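# sharing a model prediction with you, sequence too.
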Amino acid sequence: MLDSTLDGTAGHAPPDGGWHPASVARALVTSIGSVLRGHDDVVELVVAAVLAGGHVLIEDVPGSGKTTLARALARSLGGSFARIQGTSDLLPADVTGSAVWNPQRFAFDVVEGPLFANVVLVDELNRVSPRTQSGLLEAMDESAVTVDGRRCPLPDPFTLVATQNPQDQHGTYPLPEGQLDRFAVALTLGPLAPGYERIVVQEQLTGATVDRLLPVVDTAHLIAARDRVRTTHVADEVLDYALAIVQGTRADVRVAIGGSTRAALMLVRLSQSVAVLAGRDYVLPDDVKRAAVPCLAHRLVTTSGPGVRAADIVRDAVSRTSVPVRR
Ligand SMILES: Nc1ncnc2c1ncn2[C@@H]1O[C@H](COP(=O)(O)OP(=O)(O)OP(=O)(O)O)[C@@H](O)[C@H]1O
Ligand SMILES: [Mg+2]
C-alpha cells in the first residue's frame with residue numbers, strides 16, 4: 001500500500017511508552033519507513049540488525065537512498081550520532097581519536113574521535129584506506145578502540161551503519177573479508193517502484209523529510225529491548241537448522257571461505273529479532289530463512305567466476321537444508 005502521509009516525521013513513540021522489544025522494533029520501522037519510502041523489507045532487516053546488536057552495511061548505486069536510510073535510523077534511535085565521510089586520506093586517529101598533551105595536568109588527554117557515538121554513519125566506507133578500515137575492526141567487534149595505547153570503551157549501544165557503492169571501483173579499496181564479517185547484515189535497496197518515486201519527489205520538494213524525524217526510542221529502552229530479544233526462544237531443532245545452513249555454505253564447491261562461527265551466532269541473533277518483529281517470542285525456521293541471505297551472502301568468498309552470486313549460494317544452502325517440523 002502506498003502511503004503518502006508525513007505523519008511519521010513527528011516521531012512515533014512506542015504506544016505503551018515502554019521498552020517491549022516488539023513495540024521498540026515497530027516504532028523504529030514506522031519512523032524510518034515514514035522517510036525511506038518503498039523499502040519496508042530492508043527497513044525491517046536494518047531494525048532487526050540493530051536489535052541483534054549488529055552493524056549494518058548498505059550497498060547500492062548513487063542516489064538510491066543509502067545515506068537517507070542511515071540518517072533516518074540514526075535520528076529515530078536517539079542517543080549521540082556522528083558521521084564520517086569516507087576518503088582515502090582519512091587517518092585511523094581521525095576516527096578513533098588521539099592523545100593530546102595537557103600542560104595543566106602534565107599528562108596526555110584522550111580527545112575522542114567520531115567513533116565515540118551511539119550511531120556512527122560511515123558514508124562510502126570503501127573510499128577509506130585499508131589502514132583506517134582496519135582501525136574500525138576493533139570498534140566493530142569489541143565496542144572499544146585503542147587510543148595512544150589506552151583502551152577506551154565506546155558508548156553502549158554502538159551501531160555502525162556503513163554505505164558503499166559497489167559499482168564505482170575508481171579510487172576505492174574493497175572491504176577485506178574480516179571487515180565484512182563484522183557486519184550483521186549487508187543490504188541492497190534496489191530500484192524504487194514508480195509509485196513510490198512520485199511520493200518521494202512530492203514529499204521532499206520543500207526539503208528533506210529526514211531532517212524532521214525525532215527519536216522514537218532512547219538508549220536505555222533500546223538496550224533493554226536488545227537484551228530482551230536475546231532471550232527469544234530458539235528450539236534445539238531451529239538452532240541446528242541455522243547451523244546447518246551456515247555449514248552448507250562452507251561445503252559448497254563454489255565457496256573458498258564460507259560462513260564463520262561469528263556468522264552463525266549473528267544468524268541466530270538476527271532470526272530472534274525477525275521473530276520479535278513478527279510478534280513472536282520464539283524463532284521459526286522461516287525467521288532463519290529470512291535472515292539467511294542478508295546475514296551470510298556478504299561474508300562468502302567464492303572460487304568461481306563473477307557469474308556466481310553469493311546470494312544464490314546462500315539460497316541453495318537454505319534449499320538443501322531440511323526444515324525441522326514443529327512438534
Ligand atoms: N526510497 C527513498 N525514499 C525517500 N527518499 C529517497 C529514496 N530514495 C532516494 N531518496 C532521496 O533521493 C536523494 C538521494 O538519496 P541519498 O543521498 O540517500 O542516496 P545515496 O544512495 O546515499 O547516494 P550516494 O551513493 O550518491 O551517496 C535524497 O534526497 C533522498 O531523500
Ligand atoms: Mg550517500
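Here it is on my side, so go on. Ligands and ions are numbered 1, 2, ... in the order given.
# C-alpha only now, for contacts and for neighbours.
Fine.
# how about the residues of the stretch 51-200 of the chain by ligand 1?
Of all the residues in the stretch 51-200 of the chain, those in contact range of ligand 1 (Cα under 6 Å from any ligand atom) are V61, P62, G63, S64, G65, K66, T67, T68, N165, V200.
# which residue ranges of the stretch 101-250 of the chain form helices?
For the stretch 101-250 of the chain, the helices defined by DSSP state H, counting those that start in this stretch occupy 130-142, 177-180, 194-203, 219-229, 236-251.
# would you convert these into a markdown table that also reports mean neighbour count and mean pLDDT?
Listed next are those as a markdown table, based on neighbours: other Cα atoms under 10 Å; pLDDT from 0 to 100:
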| stretch | mean neighbour count | mean pLDDT |
| --- | --- | --- |
| helix 130-142 | 18 | 88 |
| helix 177-180 | 15 | 87 |
| helix 194-203 | 14 | 92 |
| helix 219-229 | 19 | 93 |
| helix 236-251 | 20 | 97 |
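# go ahead and flag the most central residue of this protein.
Nearest to the geometric centre of the chain sits V56, at 1.8 Å (Cα atoms, centre = their mean).
# in the stretch 1-150 of the chain, which ranges drop under the pLDDT threshold?
Counting by pLDDT under 70, the ranges of the stretch 1-150 of the chain that qualify are 1-19.
# could you find the closest non-adjacent residue to the residue in the stretch 101-250 of the chain positioned nearest to ligand 1?
Closest residue of the stretch 101-250 of the chain to ligand 1, Cα to the nearest ligand atom: V200 (5.1 Å). What sits nearest to V200 in space, not counting adjacent residues and going by Cα to Cα, 6 or more residues apart in numbering, is R37, at 6.8 Å.
# burial count for that neighbour?
Close neighbours of R37, defined as other Cα atoms under 10 Å, add up to 20.
# show me what contacts the residue nearest to G258 when sequence neighbours are not counted?
Leaving aside its sequence neighbours, G258 sits nearest to R250 (Cα to Cα, 6+ apart; 4.1 Å). For R250, the contacting residues are A256, I257, G258, G259, by Cα atoms under 8 Å, 6 or more residues apart in numbering.
# switch the cut-off to 7 Å
I257, G258, G259 (Cα atoms under 7 Å, 6 or more residues apart in numbering).
# so which of the residues you listed sit within helices?
Among the contacts of R250, no member is found in helices (DSSP state H).
# of those - the most surrounded one?
Each of the contacts of R250 was scored for neighbours by other Cα under 10 Å, and G259 scores highest at 26 neighbours.
# could you check how far that residue is from V185?
According to Cα to Cα, to the nearest Å, G259 stands 13 Å off from V185.
# do P103 as well
Distance, P103 to V185, by Cα to Cα: 45 Å.
# before we move on, what about F106?
45 Å.
# out of the two, which sits in the busier spot?
Applying other Cα under 10 Å to F106 and V185 shows that V185 carries more neighbours, namely 30 against 8.
# who's in contact with that one?
Residues touching V185, when contacts are defined by Cα under 7 Å, 6+ apart, comprise A49, H55, V56, L57, P294, C295.
# excluding covalently adjacent residues, which one is nearest to the fifth one?
Take P294 and drop its neighbours on the chain: the residue closest to it by Cα to Cα, 6+ apart is V185, 5.0 Å away.
# same question for the last one.
For C295, the nearest residue in space outside its immediate sequence neighbours is V185; the separation is 4.5 Å by Cα to Cα, 6+ apart.
# for the one you found, give me the pLDDT.
Among the per-residue scores, V185 shows a pLDDT of 97.
# so what sits opposite it in the bridge?
Here V185 sits in beta bridges with V56, as judged by DSSP bridges.
# for the contacts of V185, which one is nearest ligand 1?
Comparing those against ligand 1 with Cα to the nearest ligand atom places L57 closest, at 12.0 Å.
# can you pull the alpha-carbon coordinates of whichever strand or helix holds V42 into PDB?
Here V42 is covered by helix 40-51, with elements defined by DSSP states H and E. C-alpha atoms of helix 40-51 as PDB (Å, rounded to 0.1, in the frame of the first residue of the first chain):
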ATOM      1  CA  ASP A  40       9.800  -1.800   4.100                       C
ATOM      2  CA  ASP A  41      11.600  -5.100   3.800                       C
ATOM      3  CA  VAL A  42      15.000  -3.600   4.000                       C
ATOM      4  CA  VAL A  43      14.000  -1.200   6.800                       C
ATOM      5  CA  GLU A  44      12.700  -4.200   8.900                       C
ATOM      6  CA  LEU A  45      16.100  -6.000   8.400                       C
ATOM      7  CA  VAL A  46      18.000  -2.900   9.400                       C
ATOM      8  CA  VAL A  47      16.000  -2.700  12.600                       C
ATOM      9  CA  ALA A  48      16.400  -6.400  13.200                       C
ATOM     10  CA  ALA A  49      20.200  -6.000  12.900                       C
ATOM     11  CA  VAL A  50      20.200  -3.100  15.400                       C
ATOM     12  CA  LEU A  51      18.100  -5.100  17.900                       C
END
